[in-house]
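Enquirer: Quick one, fold the following:
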Amino acid sequence: MKKILSMVLFVLILGSILTTALVAVDRITKDPIDRNKALRLQKGILSSLAIEFDEKDKNGIAEKFSGDIEVIETPGEGGKPKKFYRSKMSGDIAFEVKGKGAQESIEATIALSPNFEQVRGLSIVSQKETPGLGGRIEETEFLNRFKGKVITNGLAITSPGKAAADNEVDGITGATLTCDALEKLLNSEIKKYTVIFRESK
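Expert: Numbers count the residues shown, from 1 in each chain. Here you go, the predicted model:
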């Protein structure tokens with residue numbers, strides 16, 4: 001009986017120690033994780049709005065962000081506020097988009113002209129698509145294809161080399177599923193954010 005009680009006591013003490021350690025680690029890592037997430041978003045917004053910054057200068061990025069960008073918070077769906085980021089120089093407006101990719105979620109930022117009719121820039125903040133295929137959506141060459149595209153009738157990511165209309169973007173060879181998912185995500189989020197922004201005026 002004593003042996004059983006000793007084992008139970010040992011398990012309880014060990015469980016308490018491990019729980020305390022996990023809570024401590026969570027508290028220690030939460031702030032750096034949140035800061036890194038905020039930094040990635042700031043870099044994405046700046047990139048989308050074509051505002052130059054030094055990738056290695058974290059403090060400089062934060063200063064550039066606060067100095068060059070006006071943050072606009074509006075009521076969103078279900079009372080959850082939505083944030084828009086307006087370039088003080090150009091008036092272009094950026095916002096964060098999140099949704100399902102072909103593999104896992106994709107997080108991006110997109111900047112539109114002040115009238116919400118044309119893409120100014122697109123940046124991928126986070127993605128876990130297949131390396132060398134869908135993962136190429138974060139490459140500058142692909143992202144630059146979106147600049148100047150008209151979104152009035154929605155964006156269309158076509159087969160490579162087939163883009164012709166002013167709303168069409170050449171896709172990536174071997175990444176059809178990711179391109180389809182990105183197209184759906186962008187069109188859905190652009191439509192949603194356009195309504196929210198215009199209703200808030």
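Enquirer: Let me see the ranges of the helices in the chain.
Expert: Counting by DSSP state H, the chain has helices at residues 2-48, 58-68, 140-144, 176-200.
Enquirer: Can you name every helix or strand that the last one contacts?
Expert: This means helix 176-200. Helix 176-200 sits against strand 69-74, strand 82-87, strand 93-100, strand 105-112, strand 156-158, with contacts defined as 3 or more Cβ pairs under 8 Å, 6 or more residues apart in numbering; DSSP states H and E. All C-beta spots, glycine's among them, are computed from the backbone N, C-alpha and C.
Enquirer: Distance of Ser123 relative to Gly161?
Expert: Relative to Gly161, Ser123 is positioned 24 Å away (Cβ to Cβ, to the nearest Å).
Enquirer: low pLDDT regions in this structure?
Expert: 1-5, 8-12, 14-15, 18, 20-33, 76-79, 201 (pLDDT under 70).
Enquirer: try 90
Expert: For the chain, the stretches with pLDDT under 90 are 1-39, 53-60, 62, 66, 74-82, 152, 195-201.
Enquirer: so which of the helices of the chain comes closest to Pro114?
Expert: Distance to Pro114, taken as Cβ to Cβ, is lowest for helix 176-200 among the helices of the chain, at 10.3 Å.
Enquirer: neighbouring contacts of the closest one?
Expert: With Cβ atoms under 8 Å, 6 or more residues apart in numbering as the contact definition, helix 176-200 has outside contacts at 72, 74-77, 82, 84, 93, 95, 97-103, 106, 108, 110, 112, 116, 122, 129-130, 133-134, 137, 151, 154-157, 159, 171-172.
Enquirer: just the helices and strands packed on helix 176-200: most buried one?
Expert: strand 105-112 (a mean of 23; mean count of other Cβ atoms under 10 Å).
Enquirer: Okay, now the sheet partners of that strand, with direction.
Expert: Here strand 105-112 is paired, per DSSP bridges, with strand 93-100 (antiparallel), strand 119-126 (antiparallel).
Enquirer: Quick one: closest of those to Asp57.
Expert: Nearest of these (Cβ to Cβ): strand 119-126, 17.8 Å.
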